[in-house]
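Participant: Give me coordinates for this.
(one chain, ligands or ions: 2)
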Amino acid sequence: RGVGVVVVAAGSGARLGAGVPKAFVPLHGRPLLGHALDTVARVPGLAAVSVVVPEGLLDVGSASWHGVTLPAGAVVVAGGAERTASVAAGLAALGPDCDVVLVHDAARCLTPLAVFERVVAAVRSGDAGVVPGLAVVDTVKTVDEQGLVTGTPDRGTLRAVQTPQGFDRQVLLAAHASGVDATDDAALVERTGHRVRVVEGDPLAFKVTTPEDLERAARLLPPPQV
Ligand code: CTP
Ligand code: MG
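Facilitator: Ligands and ions are numbered 1, 2, ... in the order given. Have a look, this model is predicted:
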C-alpha cells in the first residue's frame, strides 16, 4: 500500500489580501497550488491525492485552475471554515489504497521533494506521526493577556514545524474523529497519546502568508523558461 496526500488549499488568504483565495494566487503566472502539486506528484509510492479547495472553486475547468496539473487520480473536494475541517474532508476523500497519509499546505508551495521523502521514511520506520521542523533562531517568550512574560522556554527544545506532516492513516483518522480543532494535525495526534517525531525541515518549506512571503517565493523560484 502507498502514500496518500491531502493538500489543503481551502483557506481565504486574509493575511495575503490578494482578493482571491491564497492557493489560487499566481506565482510566475501559475497558482501556488499548481507549484505545490508539481512536487506532490513526484512523491515515491504515491497512491492517492485529495485537493481541498474553497466551495466556489470546485470546477477544475474554470480559469482559476489554469496552470494547475492535478496528479493522476487526484480528487478535488470542498473544505471547511477551519483548517482542521478541511483536512478532515480531504482525509475522508482518500481512497483505501494508502496506509501512510501526508497532510500538506498548498501555501508551502516551494517545499522540496526531499522533505516529503524524509517524512515518509520516518513514518515507514515506525513513528505514528512525523513533522518537519527547524530550530528556532529567536528566543521565544510565553506571555499572559496583559503582555507580561510568563516564561522563557529553553530555545534548544523548540522547533518551528512545517508541512508535509505524515501519519499512519488509522492514527490520523482516529485523531480527527475527536472533532476538536488545532493549528496542525500533529497536535491532534499528540493528544491521542501517539509518538510524534520531528525530522529536519527546510527553509524552502516556509508558508506563504503575507505579501512579503509571496515576493520571497517569486525571488526563490526560477522564472519559467520561455
Ligand atoms: N486552509 C484550508 N482550509 C481552511 C483554512 C486554511 O484548507 N479553512 C489551508 C490554506 O489553504 C493553507 C493552509 O491551510 O494552504 C495553511 O493555512 P493559512 O496559511 O492560515 O492559509 P489561509 O487560512 O488561507 O490564510 P489566512 O489565515 O491569512 O486567511
Ligand atoms: Mg488561516
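
Participant: switch to C-alpha atoms for all contacts and neighbour counts from now on
Facilitator: Will do.

Participant: Could you list the contact residues of the protein toward ligand 1?
Facilitator: Residues of the chain lying close to ligand 1 (Cα under 6 Å from any ligand atom) are 8-16, 22-23, 52, 79-83, 86, 105-107, 209.

Participant: Just those residues: which are in strands?
Facilitator: Among the residues of the chain next to ligand 1, DSSP state E puts 8, 52, 105 in strands.

Participant: just curious, which of the residues you listed is nearest to Gly95?
Facilitator: The shortest approach to Gly95 among those belongs to Val52, at 14.6 Å (Cα to Cα).

Participant: That closest one is in contact with Ala89, isn't it?
Facilitator: Yes: contact criterion Cα atoms under 8 Å: Val52 and Ala89 qualify, at 7.4 Å.

Participant: Helices of the protein, start to end?
Facilitator: Taking DSSP state H as the criterion, the chain carries its helices at 32-40, 83-93, 113-124, 169-177, 185-191, 211-220.

Participant: Nearest to Thr152 among these would be which one?
Facilitator: helix 185-191 (21.2 Å).

Participant: can you pull the buried residues of the closest one?
Facilitator: By 16 or more other Cα atoms under 10 Å, the buried positions in helix 185-191 come out as 185-186, 188-189.

Participant: For the chain, give me the ranges with low pLDDT.
Facilitator: Counting by pLDDT under 70, the low-confidence segments of the chain come to 226.

Participant: From Ala92, how far out is Gln162?
Facilitator: In this view, Gln162 and Ala92 are 22 Å apart by Cα to Cα, to the nearest Å.

Participant: neighbour count winner among the two?
Facilitator: Gln162 (24 against 13; other Cα atoms under 10 Å).

Participant: Could you measure from the more buried one over to Val131?
Facilitator: Distance of Gln162 to Val131, given as Cα to Cα: 7 Å.

Participant: Ok, Ala187 next?
Facilitator: 10 Å.

Participant: same deal with Arg191?
Facilitator: For Arg191, the distance to Val131 - Cα to Cα - is 15 Å.

Participant: now swap in Val25 and tell me
Facilitator: Distance from Val25 to Val131, counting by Cα to Cα: 26 Å.

Participant: Between the two, tell me which one has more neighbours.
Facilitator: Here Val25 and Val131 are compared on neighbour count by other Cα under 10 Å; more neighbours surround Val131, at 30 against 21.

Participant: which residues sit in contact with the more buried one?
Facilitator: Val131 makes contacts with 119, 161-166, 186, 196-199, as judged by Cα atoms under 8 Å, 6 or more residues apart in numbering.

Participant: For stretch 62-81, C-alpha coordinates in PDB please.
Facilitator: C-alpha atoms of stretch 62-81 as PDB (Å, rounded to 0.1, in the frame of the first residue of the first chain):
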ATOM      1  CA  SER A  62     -12.500  27.200 -14.600                       C
ATOM      2  CA  ALA A  63     -10.000  29.900 -15.300                       C
ATOM      3  CA  SER A  64      -8.800  29.900 -11.700                       C
ATOM      4  CA  TRP A  65      -7.300  26.400 -12.300                       C
ATOM      5  CA  HIS A  66      -5.300  27.500 -15.300                       C
ATOM      6  CA  GLY A  67      -1.700  26.300 -14.800                       C
ATOM      7  CA  VAL A  68      -2.600  23.600 -12.300                       C
ATOM      8  CA  THR A  69      -1.900  20.000 -13.200                       C
ATOM      9  CA  LEU A  70      -3.700  17.500 -11.000                       C
ATOM     10  CA  PRO A  71      -1.700  14.400 -10.200                       C
ATOM     11  CA  ALA A  72      -3.200  11.300 -11.800                       C
ATOM     12  CA  GLY A  73      -6.300  10.100  -9.900                       C
ATOM     13  CA  ALA A  74      -6.500  13.100  -7.700                       C
ATOM     14  CA  VAL A  75      -9.900  14.100  -6.300                       C
ATOM     15  CA  VAL A  76     -11.000  17.700  -5.500                       C
ATOM     16  CA  VAL A  77     -13.300  18.300  -2.600                       C
ATOM     17  CA  ALA A  78     -14.600  21.400  -0.700                       C
ATOM     18  CA  GLY A  79     -13.000  22.500   2.500                       C
ATOM     19  CA  GLY A  80     -14.400  23.800   5.800                       C
ATOM     20  CA  ALA A  81     -14.300  27.000   7.700                       C
END
